[in-house]
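J.: my questions are about this predicted structure, shown below with the sequence.
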Amino acid sequence: MLAARRTSTFTESVIREMTRIASMYDAVNLAQGFPDFPMPDAMKQAACTAINGDINQYAVTWGAPVLRQAIAEKYRRWYDMEVDPDRDVTVTCGATEAMASVFMALVEPGDEVIVPEPFYENYGPDAILAGAHPVFVPFDRPDWTLDPDRLRAAFSSRTKAIIVNTPHNPTGRVLSRDEMSLIAELCIEHDAWAITDSPYEHMIYAGHHHEISTWPGMRERTITISSLSKTYSCTGWRIGWIIAPPAQTGPIRKVHDFLTVGAPAPLQAAAAVGFAFDAEYYNQFAAHYKDRRDFLCAVLKEQGFEFAMPEGAYFVLADFSPLSDLDDVTFAKWMTQEIGVATVPGSSFYSRKEDGRNFVRFAFCKKQATLDDAAERLSRLRARV
Ligand SMILES: Cc1ncc(COP(=O)(O)O)c(C=O)c1O
């Protein structure tokens, strides 16, 4: 018996494959974007307290009230955005489930969804599973900016939505106010949704994080997605959320209910503790990541990689063509085996694999000791290529 055809149109995540190869060769894993340092102690303690306090049964399907309240308060505090915790918020199993649920709830088969490219690899399968037709718009090198004319040309009466991922994985771009304004203008003109994906919203080294929902006329056409995973260094907790107008929240909650019933109850209770952290936590968090970015970028530059300095998130998408003529997959595997540093081949972030041929993505969400180890190994690269 064959599996459904839709599953053959996307492959297993290349990122997880690179992680497997990294452990085979005992390489430093700068491929997968998870921190190798602990999450905040107060949240760990709160999770233990919740479990010991018997918060171990299903939470309310669309999220524990204490967490939805904390999410609403966060958006008011950070972005001056009014959110009704009862009517607008759905807590999900990470931003991953959030995006899949939104696609299934709002996108009809055949609808076009605009995806700026390179893109986080999940958007492809999300679109396929919903029967949507992705329309890719390139970020322009060297700075990964969006060309206004090309963006405008991608919109049409068939456009249902655009994915707005800022800070951006894999380029580290933070979209500017002008880029957000143009996206808002085009969504309004073409009656399309802006579906945001902002798990890196608190990792900004240049510019500002903007929530497009706060643009005039956008509140009723924005689906806001974010997650706990990166902000509190707990990618394994699997908690994210969706903020949407009440008319769309209903269908989204139905899909979410049938897919998962709900996110882990004790971890939802503990998540609310993180939301109460003061500005000092977020300032230190961003400052730590900026130091790691500066460190890794200096190492890569020294070895001859070319890249735009990431403005946010924790990735560097580096062009290795000054170093090697190999294609990205061969180069990434060679580097894992021979140099001992694992990365993600650039083609995983492109619809046409050849567009990513000269890139590999490095993640710097690692302890300084891990980055020191990677730097030491990478110092041998230039001599080996
Ligand atoms: C752009 C982007 N969106 C979503 C996710 C997934 O987040 P979560 O762990 O909340 O599912 C990631 C994780 O790497 C990401 O880079």
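T.: That came through, no problem.

J.: what sits against the residue of the stretch 1-150 of the chain found nearest the ligand?
T.: Nearest to the ligand, among the residues of the stretch 1-150 of the chain, is residue 94, at 2.7 Å (Cβ to the nearest ligand atom). C-beta coordinates here come from the backbone N, C-alpha and C atoms, glycine included. For residue 94, the contact set (Cβ atoms under 8 Å, 6 or more residues apart in numbering) comprises 227, 228, 229, 238, 239, 240.

J.: pretty sure the third one is touching residue 95, no?
T.: Yes: counting by Cβ atoms under 8 Å, residue 229 touches residue 95, with 7.1 Å between them.

J.: overlap in contacts, the two.
T.: 199, 240.

J.: the more surrounded of these two?
T.: Set residue 229 next to residue 95 and count neighbours by other Cβ atoms under 10 Å: residue 95 wins out with 26 against 23.

J.: test my guess that residue 251 contacts residue 106.
T.: Yes: using Cβ under 8 Å, residue 251 and residue 106 qualify as a contacting pair, with a distance of 7.2 Å.

J.: who has more neighbours, those two?
T.: Higher neighbour count among residue 251 and residue 106: residue 106, with 21 against 15, using other Cβ under 10 Å.

J.: right, and the more buried one touches residue 249 too?
T.: No: between residue 106 and residue 249 there is no contact under Cβ under 8 Å: 10.9 Å.

J.: Three-state assignment for residue 20, please.
T.: Each residue gets one of three states, and residue 20 gets helix by DSSP: H, G, I helix; E, B strand; the rest coil.

J.: neighbours around it, how many?
T.: 10.

J.: in the stretch 251-385 of the chain, what residue comes closest to the ligand?
T.: At 7.4 Å from the ligand, residue 313 is the closest residue in the stretch 251-385 of the chain, using Cβ to the nearest ligand atom.

J.: contacting residues around that residue?
T.: 167, 168, 169, 172, 200, 203.

J.: mind doing that once more with 10 Å?
T.: Applying Cβ atoms under 10 Å, 6 or more residues apart in numbering to residue 313 gives the contacts 33, 165-174, 198-201, 203-205, 230, 289, 293, 363-365.

J.: the ligand next: which of the residues you listed are close?
T.: Of the residues in the contacts of residue 313, proximity to the ligand by Cβ under 6 Å from any ligand atom holds for 33, 165, 169, 199.

J.: just the strands in this structure please.
T.: 28-29, 89-92, 112-117, 133-140, 145-146, 159-164, 193-196, 222-227, 240-243, 315-319, 341-342, 344-345, 359-363 (DSSP state E).

J.: I'd like these as CSV, with mean neighbour count and mean pLDDT appended.
T.: Shown next, in CSV, are the strands of the chain (neighbours: other Cβ atoms under 10 Å; pLDDT from 0 to 100):
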stretch, mean neighbour count, mean pLDDT
strand 28-29, 22, 96
strand 89-92, 27, 98
strand 112-117, 23, 98
strand 133-140, 17, 97
strand 145-146, 18, 98
strand 159-164, 23, 98
strand 193-196, 26, 98
strand 222-227, 26, 98
strand 240-243, 27, 98
strand 315-319, 25, 98
strand 341-342, 27, 98
strand 344-345, 28, 96
strand 359-363, 27, 98
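
J.: could the ones you listed be laid out in JSON lines, adding distance to residue 257?
T.: Below are those laid out as JSON lines (distance: least, Cβ to Cβ, whole Å):
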{"stretch": "strand 28-29", "distance to residue 257": "35"}
{"stretch": "strand 89-92", "distance to residue 257": "9"}
{"stretch": "strand 112-117", "distance to residue 257": "23"}
{"stretch": "strand 133-140", "distance to residue 257": "27"}
{"stretch": "strand 145-146", "distance to residue 257": "36"}
{"stretch": "strand 159-164", "distance to residue 257": "22"}
{"stretch": "strand 193-196", "distance to residue 257": "20"}
{"stretch": "strand 222-227", "distance to residue 257": "17"}
{"stretch": "strand 240-243", "distance to residue 257": "13"}
{"stretch": "strand 315-319", "distance to residue 257": "33"}
{"stretch": "strand 341-342", "distance to residue 257": "38"}
{"stretch": "strand 344-345", "distance to residue 257": "33"}
{"stretch": "strand 359-363", "distance to residue 257": "33"}
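
J.: tell me who's in contact with residue 157.
T.: Residue 157 touches 112, 190, 191, 192, counting by Cβ under 10 Å, 6+ apart.

J.: which among these count as buried?
T.: Buried positions within the contacts of residue 157, assessed by neighbour count (16 or more other Cβ atoms under 10 Å), are 112, 190, 192.

J.: how close does the last one get to the ligand?
T.: Residue 192 sits 20 Å away from the ligand when distances are taken as Cβ to the nearest ligand atom, to the nearest Å.

J.: now do the second one
T.: Taking Cβ to the nearest ligand atom as the measure, residue 190 falls 24 Å from the ligand.

J.: isn't that residue right next to residue 156, touching?
T.: Yes: the pair residue 190 / residue 156 is scored as a contact, 7.0 Å apart, by Cβ atoms under 10 Å.

J.: what sits against residue 379?
T.: The neighbours of residue 379, taking Cβ under 10 Å, 6+ apart as the test, are 299, 302, 303, 339.

J.: and those residues, which two are the farthest apart?
T.: Using Cβ to Cβ, the two most remote members of the contacts of residue 379 are 302 and 339, lying 14.0 Å apart.

J.: which one of these two has more residues nearby?
T.: It is residue 339, of residue 302 and residue 339, that has more neighbours when counted by other Cβ under 10 Å, with 21 against 13.
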